[in-house]
Structure formats: C-alpha cells, structure tokens
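Student: I would like to see how this sequence folds:
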Amino acid sequence: MRDLAVTQNITVDGVIEAGDWFGPADGGPEVLEALREQMARADGFLTGRVTFEQMRGFWPTQTDDPTGISTYLNKVHKYVVSSTLQEPGWAPTTVLRDLDDVRRLKEAAGGEIVCTGSIDLTHQLIAAGLVDEYRLFVYPTVVATGRRLFPEAQKLCLQSCTSFPSGVALLIYRHR
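Tutor: Below you'll find the predicted structure:
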C-alpha cells in the first residue's frame with residue numbers, strides 16, 4: 001500500500017490558502033533541499049482540477065528553473081481528481097473521478113503519493129481518512145484570514161521537526 005502525504009506551505013496560524021506570504025525560494029536553499037528529498041521519494045503527485053490547471057499553465061513553460069520543481073512536475077506521474085476534466089494536456093497524467101479512485105491508487109504498488117495545494121481535495125482526503133502523513137512547511141507569518149488546512153479537530157503525532165535558517169520549520173505528522 002502506498003502512503004499519501006499532504007505537503008503544504010502553511011502560516012503559523014494555519015492558513016494554507018495561497019497568497020503573497022511565501023514563494024518557492026522564500027525558505028532558502030535548505031527548504032528547497034528538503035523539497036527535493038520529498039520529490040525523490042514520491043512517484044505520484046495528486047491534485048484537484050483547479051490546482052492542476054493552474055500548475056499546467058505555469059510549470060511546463062519554465063525553462064530556467066533552478067529549484068528543480070519544473071523538471072520534477074514534468075516527469076512525475078500526475079493524478080488529478082476531477083469529474084469534468086477530459087483531456088489533461090500534461091503528460092503523464094491520469095484523471096481520477098472520485099475518492100474511490102484515490103483509494104485504489106493507494107492500494108496499487110508504487111512509491112509515495114504527494115498532494116500539494118488543492119484545498120478542497122485535501123479537505124476531502126482528510127475527511128475520508130486517506131491521508132497518512134502531513135508535511136507542513138510552517139512559514140513565520142500570521143495572515144489572520146484565509147482557508148485553513150484542517151476543517152475539524154485532528155489528533156496527530158509529531159514524527160519530526162526541522163528548523164531552517166529562514167525561520168521556516170518543517171513539521172511532519174502522522175495520525176495517532
């Protein structure tokens with residue numbers, strides 16, 4: 001069975017909604033290295049349709065990306081959960097129609113599956129008990145408004161904590 005890890009950039013007050021409070025290089029080279037380590041372990045990248053379309057409109061056209069994110073995203077197998085998307089237009093991509101398809105994907109052989117962004121999908125995955133691990137890059141920012149990662153109470157067990165010179169901390173949790 002494959003682990004499904006939710007990786008999110010998050011503020012100290014729990015907001016994951018995109019805004020101008022972070023950028024790919026804001027955490028410094030150490031955060032980028034931690035991201036690269038996670039990318040090396042994952043052979044599946046899971047998103048919802050909106051996040052997928054936003055990423056598809058940006059990452060494939062990046063030709064001078066020192067972070068390595070564009071190279072990873074262009075080659076990793078992407079899975080997009082959508083009831084309406086017909087032709088993904090970014091290979092290799094498989095369209096999953098619902099959470100039952102996500103369950104079957106987790107049961108198949110392979111490496112880790114990572115879900116990033118996709119707030120609505122992430123909330124559905126949490127509610128369905130499909131998330132095995134949370135990798136939270138906590139930025140030293142409070143924004144006071146915006147959508148939060150957890151829609152309801154959760155009991156988690158801290159697996160590791162890494163702090164970076166930029167003030168960002170990587171907290172890894174699993175369910176108790």
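Student: following the helix-or-strand element of the chain with minimal mean pLDDT, which helix or strand comes up?
Tutor: Sorting the helices and strands of the chain by mean pLDDT, DSSP states H and E puts helix 29-41 at the bottom, at a mean of 91. Downstream of helix 29-41, the next assigned helix or strand under DSSP states H and E is strand 42-48.
Student: and that following strand, which strands flank it?
Tutor: Sheet pairing of strand 42-48 (DSSP bridges) gives strand 77-81 (parallel), strand 112-116 (parallel).
Student: Just the pLDDT at the spatially most central residue of the chain, thanks.
Tutor: Centroid check for the chain by Cα atoms, centre = their mean gives T116 as the closest residue, at 1.6 Å. pLDDT, the model's per-residue confidence, is 92 for T116.
Student: in the protein, which spans are strands?
Tutor: Taking DSSP state E as the criterion, the chain contains strands spanning 4-11, 42-48, 77-81, 93-96, 112-116, 133-139, 156-163, 169-175.
Student: got any ranges where this structure has weak pLDDT?
Tutor: 21, 23-25 (pLDDT under 70).
Student: and with 80 instead?
Tutor: Applying pLDDT under 80 to the chain flags the ranges 18-26.
Student: Please report the distance of the residue nearest to H175 when sequence neighbours are not counted from R174.
Tutor: Of all residues not flanking H175 in the chain, L156 sits nearest, at 6.3 Å (Cβ to Cβ, 6 or more residues apart in numbering). The C-beta positions use only the backbone N, C-alpha and C, and glycine is treated the same way. Distance of L156 to R174, given as Cβ to Cβ, to the nearest Å: 7 Å.
Student: any shared contact partners between these two?
Tutor: Y134 (Cβ atoms under 8 Å, 6 or more residues apart in numbering).
Student: Could you pull up the residues touching the residue nearest to H175?
Tutor: Applying Cβ under 8 Å, 6+ apart, the residues contacting L156 are Y134, Y173, R174, H175, R176.
Student: same question, G68
Tutor: L32, R36, M39.
Student: nearest spatial neighbour of the last one, skipping sequence neighbours?
Tutor: Excluding the flanking residues, the one nearest M39 by Cβ to Cβ, 6+ apart is Y72, at 4.6 Å.
Student: what's the answer for the second one, then?
Tutor: Distance criterion Cβ to Cβ, 6+ apart; nearest residue to R36, sequence neighbours excluded, is G68 at 5.9 Å.
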